[in-house]
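Chemist: Here's my sequence, what's the structure:
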Amino acid sequence: MTPIRYLLRHCATSLDWVLVDAGSGRELSHHPTRDAAFRELACNASVLLCGAVVRVHGVDGGYEGERVVSAIAPAPPVARRDPDACWRSPAPAMA
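Modeler: Model (predicted):
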């Protein structure tokens, strides 16, 4: 799956950090620190499935870099026991 793209920028009027959808430009959430924004992304179910690329802009508005939030691999399905195994007769012993 393609990673979700976000922008993280500082808001001078409210003095917090704003997480923005890079495609639509819509503000998604406000956070007191950068780390708080990344903690929220790390708990987001869609980010866990797809991953995310976050372009970080500093307090001065300049581009600082990208941070990648990796997707987690889904857990393999649990093997199920055969429900009829207890009703079958055991295999004959080898002589």
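
Chemist: list the helices and strands the longest helix along the chain packs on?
Modeler: Residue-count comparison of every helix in the chain, with assignments taken from DSSP state H, identifies helix 34-43 as the longest. Packed against helix 34-43 by the contact rule (3 or more Cβ pairs under 8 Å, 6 or more residues apart in numbering; DSSP states H and E) you find strand 4-11, strand 16-21, strand 27-31, strand 52-57, strand 63-69. For the C-beta atoms, the positions are set from N, CA and C on the backbone; glycine is no exception.

Chemist: Not counting the next helix-or-strand element following that helix itself, show me its contacts.
Modeler: Where DSSP states H and E defines the elements, the next helix or strand beyond helix 34-43 is helix 45-50. For helix 45-50, contacts defined as Cβ atoms under 8 Å, 6 or more residues apart in numbering pick out Met1, Thr2, Pro3, Ile4, Leu41, Ala42, Val69, Ala71, Ile72, Pro74.

Chemist: Quick one, which of those are buried?
Modeler: Neighbour-count burial (16 or more other Cβ atoms under 10 Å) is assigned, among these, to Ile4, Leu41, Val69, Ala71.

Chemist: List just the nearest of the residues you listed to Thr13.
Modeler: Distance from Thr13 was checked for each of these by Cβ to Cβ. The minimum falls on Leu41, at 23.2 Å.

Chemist: Pro76 versus the closest one, what's the distance?
Modeler: Leu41 sits 25 Å away from Pro76, taking Cβ to Cβ, to the nearest Å as the criterion.
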